[in-house]
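Asks: Sequence and predicted model, in that order:
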Amino acid sequence: MPLKTPVIQCDQVSFSYGEVPILTDVSFAIQKLDAVAMVGPNGGGKSTLLKVILGLLRPQQGTIQVLGMSPQQARSKIGYMPQHLQYDPSFPVSALDVVLMGRVHSIRWGRYGDDDRQIAMQSMAELAVDGLASRSFNSLSGGQRQRILIARALACEPEILLLDEPTANVDPAVELQFFEILKRLASKVTVLTVSHDLGFVSQVVSRVFCVNRQVRVHPTSELTGELIREMYGGDIRMVRHDHCCSEQGHSHADIR
Amino acid sequence: MLTFVKALIDPDMVFLRYALFAGLLAAPAFGIIGSFVVARRMTYLAGAIAHCVLGGIGGALYCQVHFGLTWLTPMLGAIVTAIAAALIIGLVHLRSRERVDSVIGAIWVLGMAAGIIFIAKTPGYIDPMSYLFGNILMITGHDLLTIAVLDIIVIGLGLFSYNRMIAVCFDEEFARLRGINTELYTLLLLCLTALTIVLMVRVVGIVMVIALFTLPAATASHFSHRLWQMMLGATLLGMASVAGGLSLSYDLDLPSGAAIVMLAGFFYLLVLIGKGVKSW
């Protein structure tokens, strides 16, 4: 066991919706400034695991601690970027309005303070979208909107960033920029990102969690086609991203 | 138009002045709360609350006659019922796991049915039509005072909670994760909706009051990039609809509530056509 308390400590967590088991016996630990990606098939439990970490779902078995606290208590220290924003596309807000929502907890007497505005603008500058502050959120492109939502998560001044599919709906050129942004963020906060794109994340993160009912942890150096086939279960064809796969095969390293 | 202005200063036409004041006073509340309701897509819940109000009005009239509770005015009955309906509908909306729309539809109709039964069982001639579709002849100076007080409460709370309410309406899950009690804010919004509905029941009636919520806000949303712009636009459109509608109803001898709502609908149609022509 490491001496420092992990940022996220998950012990034998199981969760099921009614009779359907989604996560069984999940254990892992994430240390400070770790950069971790969660991958796995649709319905494999990635979103459920995120919701357990956020305290939106309570596991039926096992314990989870975030920053040494219960997930509900630690919520304010987490910056979260959801994959699907269930918002009304005609909702009239500016990009800055959206980023300011990351400061909604610090509203006093119904108003944001000057420091809140400053933090929001800094977060936008971090993602190079400060020029869009006064633009209408609906008029932005998919990639710009995605960055605004990451800026909103960053405006929470989080110790942990949870990004759910940050590269969904983003074209490849923009994806490259995301890669740089994510790298920079990972040097300041603990980043946990969900992604369907292994080739993308394996360049940024140090460890990959394969979530498919169970969670297996792999250092990124271990990723191979065979392993990926096993994770996704069944016969899939994979385009080799040769920057990340090693030829030595793999072993399921025990993380604890 | 000119005859309408003359009528407004005619001392015998005090009801017309009252109706105009009531409408102009209510417009900001409708603009502010209506914009939240439209953006949050809660028009259906607002409709249910509005129709439940008839139960309160009927109940108050019944109690006045049968139990001699003269202090229990239809206005008071409407306020109490509207708040109660808002809380019940809100809790059903938040807590019920299944068939939320059926439950809310049932509350909608039951509130109205209770009102019709109460009114039928109250002796003396009471026309339910005047509550359903509004009757400006019924507005008293006392009503105007109540409207002003409710208006101040609604506008004050609406503006005070503006920033948090935007966050809750835009992305409820995120607001909850930031430690905002989103259920409380949803209930607050429904209660403010309830009070706003009561403001205009006299003028346009409970059936058409929803139109004043949705039409000005929807019209304003077409040229607003920020929520406050939508609220301001909706307020001005609401005022124009009330003043123009009353004027039309006086000049052409039309039912005033219907004329106001028709004008609000006309503005909306105009914007839609304008948009269509522009993109074509």
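Replies: Alright, I've got the coordinates.
Asks: And the contacts of stretch A:137-150?
Replies: A:81-82, A:85, A:89-95, A:97-99, A:124, A:127-129, A:132, A:161, A:163, A:166-171, A:174, A:178, A:181 (C-beta atoms under 8 Å, 6 or more residues apart in numbering or on different chains). No exception for glycine: its C-beta is placed from N, CA and C like everyone else's.
Asks: Enumerate the residues of chain A near chain B.
Replies: A:54, A:56, A:75-76, A:78, A:80, A:82, A:85-88, A:90-94, A:97-98, A:100-102, A:104-105, A:107, A:109-112, A:136, A:152, A:156 (C-beta under 8 Å from any C-beta of the partner chain).
Asks: Return a PyMOL selection command for the buried portion of the contacts of stretch A:137-150.
Replies: Buried residues among those (16 or more other C-beta atoms under 10 Å in any protein chain shown), as a PyMOL selection:
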select buried, chain A and resi 81+82+85+91+92+93+94+95+97+98+99+124+127+129+132+161+163+166+167+170+174+178+181
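Asks: What about the contacts of stretch A:137-150, which are in strands?
Replies: Mapping the contacts of stretch A:137-150 onto strands (DSSP state E) picks out A:81, A:161, A:163.
Asks: Make TSV out of those and add distance to B:P28.
Replies: Supplementary listing: those in TSV, determined by distance: C-beta to C-beta, whole Å:
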residue	distance to B:P28
A:M81	36
A:L161	41
A:L163	41
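Asks: Closest one to A:G43 out of those, please.
Replies: Nearest to A:G43 out of the ones in strands among the contacts of stretch A:137-150 is A:L163 (C-beta to C-beta; 19.8 Å).
Asks: looking at the sheet around the closest one, what are its partners?
Replies: A:M81, A:T193 (DSSP bridges).
Asks: which ones are touching it?
Replies: Residues in contact with A:L163 (C-beta under 8 Å, 6+ apart) are A:81, A:150, A:153, A:182, A:191-194.
Asks: Quick check: it vs A:Q65, distance?
Replies: 21 Å (C-beta to C-beta, to the nearest Å).
Asks: Tell me how many other residues crowd residue 20.
Replies: By default, I'm working from chain A. Here the number of neighbours of A:V20 (other C-beta atoms under 10 Å in any protein chain shown) works out to 8.
Asks: Actually, chain B is the one I wanted.
Replies: 19.
Asks: Would you confirm that it contacts B:V5?
Replies: No - because the distance of 10.6 Å does not satisfy C-beta atoms under 8 Å, B:L20 is recorded as not touching B:V5.
Asks: The spatially most central residue of chain B: helix or strand, and which one exactly?
Replies: Geometric centre of chain B, nearest residue: B:I197, 2.8 Å, by C-alpha atoms, centre = their mean. Per DSSP states H and E: B:I197 is located in helix B:182-221.
Asks: Relative to B:V53, how far out is the closest residue in space to B:L215 that isn't next to it in sequence?
Replies: Of all residues not flanking B:L215 in the chain, B:A264 sits nearest, at 4.1 Å (C-beta to C-beta, 6 or more residues apart in numbering or on different chains). Separation of B:A264 from B:V53 (C-beta to C-beta) stands at 20 Å.
Asks: mind checking the SS state of A:K188?
Replies: Secondary structure state of A:K188, per DSSP: H, G, I helix; E, B strand; the rest coil, is coil.
Asks: Please report phi then psi for it.
Replies: phi -110, psi -40 (degrees, to the nearest 10).
Asks: Quick one: the helices in the stretch 101-250 of chain A, in order.
Replies: Remark: helices assigned in the stretch 101-250 of chain A by DSSP state H, counting those that start in this stretch are A:114-126, A:142-155, A:172-186, A:198-201, A:225-232.
Asks: export these to CSV and tack on distance to B:L157 and mean pLDDT?
Replies: Formatted as CSV, the helices of the stretch 101-250 of chain A follow (distance: least, C-beta to C-beta, whole Å; pLDDT from 0 to 100):
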stretch, distance to B:L157, mean pLDDT
helix A:114-126, 22, 93
helix A:142-155, 26, 90
helix A:172-186, 39, 80
helix A:198-201, 46, 68
helix A:225-232, 52, 61
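Asks: shaky segments in the chain?
Replies: Since no chain was named, I'll use chain A. Applying pLDDT under 70 to chain A picks out residues A:1-3, A:198-202, A:221-256.
Asks: that's the other chain; I wanted chain B
Replies: Applying pLDDT under 70 to chain B flags residues B:1, B:98.
Asks: Please list the residues of it that sit near chain A.
Replies: With C-beta under 8 Å from any C-beta as the criterion, chain B meets chain A at residues B:39-41, B:159-164, B:166-167, B:169-171, B:173-175, B:177-180, B:221, B:224-227, B:229-230.
Asks: For ChimeraX, write the select line for the buried members of the residues you listed.
Replies: The following ChimeraX line selects those of the residues of chain B next to chain A that are buried, judged by 16+ other C-beta under 10 Å:
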select /B:39,40,161,162,163,164,166,167,169,170,171,174,175,177,178,180,221,224,225,226,227,230
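Asks: Point out the ones among the residues of chain B next to chain A that are inside strands.
Replies: Among those, no member falls in strands (DSSP E).
Asks: Looking at the residues of chain B next to chain A, which are in helices?
Replies: In helices, defined here by DSSP state H, the members of the residues of chain B next to chain A are B:39-40, B:159-160, B:162-164, B:166-167, B:169-170, B:173-175, B:177, B:221, B:227, B:229-230.
Asks: Export stretch B:262-273 to CSV, keeping only CA atoms.
Replies: Only the C-alpha atoms of stretch B:262-273 are listed here, as CSV (Å, rounded to 0.1, in the frame of the first residue of the first chain):
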residue,chain,number,x,y,z
MET,B,262,-54.7,36.5,-29.6
LEU,B,263,-52.4,39.5,-29.9
ALA,B,264,-49.6,37.6,-28.0
GLY,B,265,-50.1,34.8,-30.5
PHE,B,266,-50.1,37.2,-33.4
PHE,B,267,-46.7,38.6,-32.3
TYR,B,268,-45.3,35.1,-32.1
LEU,B,269,-46.6,34.2,-35.5
LEU,B,270,-45.1,37.4,-36.9
VAL,B,271,-41.6,36.5,-35.6
LEU,B,272,-41.9,32.9,-37.0
ILE,B,273,-42.9,34.2,-40.4
